[in-house]
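>>> Got a predicted structure here, sequence first:
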Amino acid sequence: EVQLQASGGGLVQAGGSLKLSCAASGFSFDDAAIGWFRQAPGKEREGISCIDSSGSRTYYLTSVKSRFTISRASAENTVNLQMTSLKPEDTAVYYCRAQKGEVVSWGQGTLVTVSS
């Protein structure tokens, strides 16, 4: 059974940093594209970053570009999202998603709260 576990959320002051991790069990991340999404209260879920299966191509939502960095830690079968210069508008539940071929798996969310 494929399971994704997102972790690393918490409460941080504006300007602070957090590192989210998405760990997989039941399959290898090696051949999967991994994405991070977030959903703020009352808003739709939005994709904020993704990394391809090779780790050579990444994407960032404009509002997080230069502040967030996605990376693979293949030895740990984990994909991390380093978030810096956090803003109150980054407050949301963050989810990771893995896509391998046509198979898509979602992790449970981790809450990030940024206080002003």
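That came through, no problem.

>>> Tell me the pLDDT of residue 29.
On pLDDT, residue 29 comes in at 84.

>>> got it, and residue 58?
Reported pLDDT for residue 58: 97.

>>> On the strand side of things, show who it bridges to.
Bridge pairing for residue 58 (DSSP bridges) gives the partners residue 51.

>>> How many neighbouring residues does it have?
For residue 58, the neighbour count with other C-beta atoms under 10 Å is 15. For every residue, glycine as well, the C-beta is placed using N, CA and C.

>>> Next, work out how far apart it and residue 51 are.
Distance, residue 58 to residue 51, using C-beta to C-beta, to the nearest Å: 5 Å.

>>> Now for these two: what residues contact both?
residue 70 (C-beta atoms under 8 Å, 6 or more residues apart in numbering).

>>> What separation do you get for residue 86 and residue 49?
Counting by C-beta to C-beta - residue 86 and residue 49 are separated by 14 Å.

>>> can you check residue 79 too?
Applying C-beta to C-beta, the value for residue 79 to residue 49 is 10 Å.
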